[in-house]
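A.B. asks: All I have is the shape, not the residue letters:
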């Protein structure tokens, strides 16, 4: 046999070996796994193979906003975005859209959007990470309802359960906006208290009570750090409470409220006014309570019977 014939035979044997290997370890069009010479399964990658989709949480969707040109744009945007964050679905993504996307959504400049985000970051609602994005902090809490129900016991329960600090008390001239409630009094005794969440120690609301002087003379200030004013008046002082009228308004935080509740100036708050009447129909106490707008909502229950 010539040298050229030997080379041709070797080439043919190598070709046969390659074909055998391909048929053993290759994959067909059905994507099924085949078995190699060593018995191991080889995954197929044919046209019938399908990837299993990985579920992703729904994207965060900020609420729409109609801008008021009389208020700072960054402030309006930050308040709207705060409400969207606190009211988001539980399964929504914690990642916010980019600054550019948010700016386009609200119709403001990127600089304005950046200022709004900076405000929320300072409050601890969001955190910003270089090259990763902006994320909602896990501690961002949903609002808790202020429920106005139909009994004095319900009001006592609503005002209980928080650590209370008496900020000050003493006689003062009847404020002009309270004159209608104390027509026969030149002075009232004012009590100022700050309430905090017992777990987080965050301020939640602060209360200002104007009480008739003859009733205030029987109040032990130390009791106000243990119990709500309504309970002290009814159970300790012995006032026969006939009714309490409640009014809730949406307001903006004044400088005193902003400092006490640790919220931005002019941020939304719930302003509650409770007027307590005794059995003779006299007003004995007017309570004005400012609740943090990002921690409370307003709820009324109406019973059919």
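C.D. replies: Cool, got the structure. Just so it is clear, the structure is predicted and the values come from calculations on it, not from any experiment.
A.B. asks: where does the stretch 201-305 of the chain dip in pLDDT?
C.D. replies: Along the stretch 201-305 of the chain, segments meeting pLDDT under 70 span 297-305.
A.B. asks: tell me the strands in the stretch 151-300 of the chain, going along the chain?
C.D. replies: Assigned by DSSP state E, counting those that start in this stretch, the stretch 151-300 of the chain shows strands spanning 163-173, 187-196, 203-211, 241-252, 268-278, 283-292, 296-300.
A.B. asks: Show me the one of those strands that comes nearest residue 114.
C.D. replies: Taking CB to CB, strand 268-278 is the member of those nearest to residue 114, at 21.9 Å. No exception for glycine: its C-beta is placed from N, CA and C like everyone else's.
A.B. asks: mind listing what's buried in the closest one?
C.D. replies: 268-272, 274-278 (16 or more other CB atoms under 10 Å).
A.B. asks: first vs last residue of stretch 235-243, how far apart are they?
C.D. replies: By CA to CA, to the nearest Å, the extent of stretch 235-243 from end to end equals 15 Å.
A.B. asks: Go ahead and name everything in contact with that stretch.
C.D. replies: Contact with stretch 235-243 is made by 152, 215, 218-220, 223, 227, 230, 233-234, 276-279, 281, 284, as judged by CB atoms under 8 Å, 6 or more residues apart in numbering.
A.B. asks: What about those residues, which one has the most neighbours?
C.D. replies: Most neighbours among the contacts of stretch 235-243, by other CB atoms under 10 Å: residue 276, with 26 neighbours.
A.B. asks: hang on, the earlier thing: looking at the contacts of stretch 235-243, point me to the pair that's furthest apart.
C.D. replies: Farthest pair in the contacts of stretch 235-243, by CB to CB: 220 and 281, 26.2 Å.
A.B. asks: quick revisit: adding distance to residue 86, write the strands of the stretch 151-300 of the chain out as TSV.
C.D. replies: TSV is the format used below for these (distance: least, CB to CB, whole Å):
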stretch	distance to residue 86
strand 163-173	23
strand 187-196	19
strand 203-211	14
strand 241-252	15
strand 268-278	11
strand 283-292	11
strand 296-300	10
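A.B. asks: Quick check: which of those strands is nearest to residue 96?
C.D. replies: Of these, nearest to residue 96 by CB to CB is strand 268-278, at 20.7 Å.
A.B. asks: quick one: strands adjacent to that closest one?
C.D. replies: Here strand 268-278 has these sheet partners by DSSP bridges: strand 241-252 (antiparallel), strand 283-292 (antiparallel).
A.B. asks: Distance from the chain centre to the longest one, please.
C.D. replies: So the one you mean is strand 241-252. 24 Å (CA atoms, centre = their mean, to the nearest Å).
A.B. asks: Could you do stretch 105-125 as well?
C.D. replies: 17 Å.
A.B. asks: How about it, which residues are buried there?
C.D. replies: 105-106, 108, 112-117, 119-120, 123, 125.
A.B. asks: and if you look at stretch 206-220?
C.D. replies: 206-212, 215-216, 219.
A.B. asks: residues in contact with residue 89?
C.D. replies: residue 58.
A.B. asks: Please apply the same query to residue 251.
C.D. replies: So residue 251 contacts 268-271, 290 (CB under 8 Å, 6+ apart).
A.B. asks: rerun at 10 Å
C.D. replies: 257, 266, 268-271, 290, 293 (CB atoms under 10 Å, 6 or more residues apart in numbering).
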